[in-house]
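A.B. asks: Return atomic coordinates for the entry below.
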Amino acid sequence: MIKLLLLTTLLFSLSTHASSTQLEAKRLQLTVTIEAINYGDVHDWSNEYKLDMRLSAKHGNVLGRKGDTIGVLRGSHSKNPYVAFSKYETIGLGDQIVKKANITLPVSVLDNSMVILKLFEADFTIPVPGPCCININDDDLEASLDIDLSLGEQIFTVTGKSARINVEIKESAPFFIELPKIIREQKANLFKDSYGHLGKSTDLLLVEHILNNLN
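C.D. replies: Numbers count the residues shown, from 1 in each chain. Presented below is the predicted three-dimensional model:
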């Protein structure tokens, strides 16, 4: 009932913006290259990584407080990496994996948007007597980054305990698009119902974030 009421309210707000109204928008592509430079544990033969990229508001209702997470971007290893035995990817020492995520939002919405990126190294081993060991999926935080999308194109590198993480953001030239189309495009770039907050679905959070930040 609460979700239905929220959706009705947001759809009414959306209807006040005529579908023919053109909004200035940009498309951003986030490319993350993860290179294993050391073993996560001295007993490992490879490293297992989980990448989590969340679209979030930069500012909340309280001054100095981060805004809500909108949803988990496709390109992440899982829509919820905090669940035990969630998806991870194995890479050997010196090897790389590349993950990409796409973001399409009005320019004014990008000004209050960020990506919270976290990389977990998920393999931990305990040696036991004999020619074997006990494997435990213990997610260790390798790196955590807050990426301000209002800054546009960016390139930077962060080094963790076992990985080197290169992040590159490329953006398109500004273009004009109707609000319903941009909402559909960005919804396709998020895991469905990957995140909920106070009874709101990912779809509701996305529409609310866009409407709250339109100029």
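
A.B. asks: For the rest of this, base every contact and every neighbour count on C-alpha atoms.
C.D. replies: OK.

A.B. asks: Wasn't I210 part of a strand?
C.D. replies: No - the assignment for I210 is helix, going by DSSP: H, G, I helix; E, B strand; the rest coil, so no strand is present there.

A.B. asks: so what's it up against?
C.D. replies: I210 is in contact with 105-106, 109, counting by C-alpha atoms under 8 Å, 6 or more residues apart in numbering.

A.B. asks: Neighbour-wise, give me the winner out of these.
C.D. replies: Most neighbours among the contacts of I210, by other C-alpha atoms under 10 Å: P106, with 24 neighbours.

A.B. asks: Any idea what that residue is bridged to?
C.D. replies: Applying DSSP bridges to P106 gives these bridge partners: A25.

A.B. asks: for this protein, what spans make up the strands?
C.D. replies: For the chain, strands defined by DSSP state E occupy the ranges 22-36, 47-57, 69-72, 89-91, 96-106, 113-121, 124-128, 132-136, 140-148, 154-159, 163-171, 175-178.

A.B. asks: of the ones you listed, which approaches K200 most closely?
C.D. replies: Closest of the strands of the chain to K200 is strand 69-72, at 9.9 Å (criterion: C-alpha to C-alpha).

A.B. asks: packing partners for the closest one?
C.D. replies: Packing partners of strand 69-72 (3 or more C-alpha pairs under 8 Å, 6 or more residues apart in numbering; DSSP states H and E): strand 47-57, helix 202-212.

A.B. asks: out of the ones you listed, nearest to A143?
C.D. replies: Closest among the helices and strands packed on strand 69-72, using C-alpha to C-alpha: strand 47-57, at 9.7 Å.

A.B. asks: Paired strands for that closest one, with orientation please.
C.D. replies: Paired strands of strand 47-57, with direction, are strand 69-72 (antiparallel), strand 89-91 (antiparallel), strand 113-121 (antiparallel) (DSSP bridges).

A.B. asks: Comparing the ones you listed by mean pLDDT, which bottoms out?
C.D. replies: The minimum mean pLDDT among the strands paired with strand 47-57 belongs to strand 89-91 (a mean of 88).

A.B. asks: quick revisit: Throw the helices and strands packed on strand 69-72 into JSON lines and include mean pLDDT and distance to A143, thanks.
C.D. replies: Putting the helices and strands packed on strand 69-72 into JSON lines (pLDDT from 0 to 100; distance: least, C-alpha to C-alpha, whole Å) gives the following:
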{"stretch": "strand 47-57", "mean pLDDT": "92", "distance to A143": "10"}
{"stretch": "helix 202-212", "mean pLDDT": "91", "distance to A143": "25"}
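
A.B. asks: which stretch among these comes nearest D146?
C.D. replies: Comparing these by their distance to D146 (C-alpha to C-alpha), the top pick is strand 47-57, with 9.7 Å.

A.B. asks: Quick check: which ranges of this structure have low pLDDT?
C.D. replies: Filtered on pLDDT under 70, the chain yields the residue ranges 1-20, 41-45, 60-65, 84-85, 123-139, 194-199.

A.B. asks: 50 - rerun?
C.D. replies: Within the chain, the stretches with pLDDT under 50 are 1-8, 18.

A.B. asks: what's the most buried one of the strands paired with strand 47-57?
C.D. replies: Ranked by mean neighbour count, these are led by strand 69-72 with a mean of 26 (mean count of other C-alpha atoms under 10 Å).

A.B. asks: From the rest of the structure, what touches that strand?
C.D. replies: For strand 69-72, the external contacting residues (C-alpha under 8 Å, 6+ apart) are 52-57, 79-80, 190-191, 193-196, 202, 205-206, 209.

A.B. asks: Thank you, goodbye.
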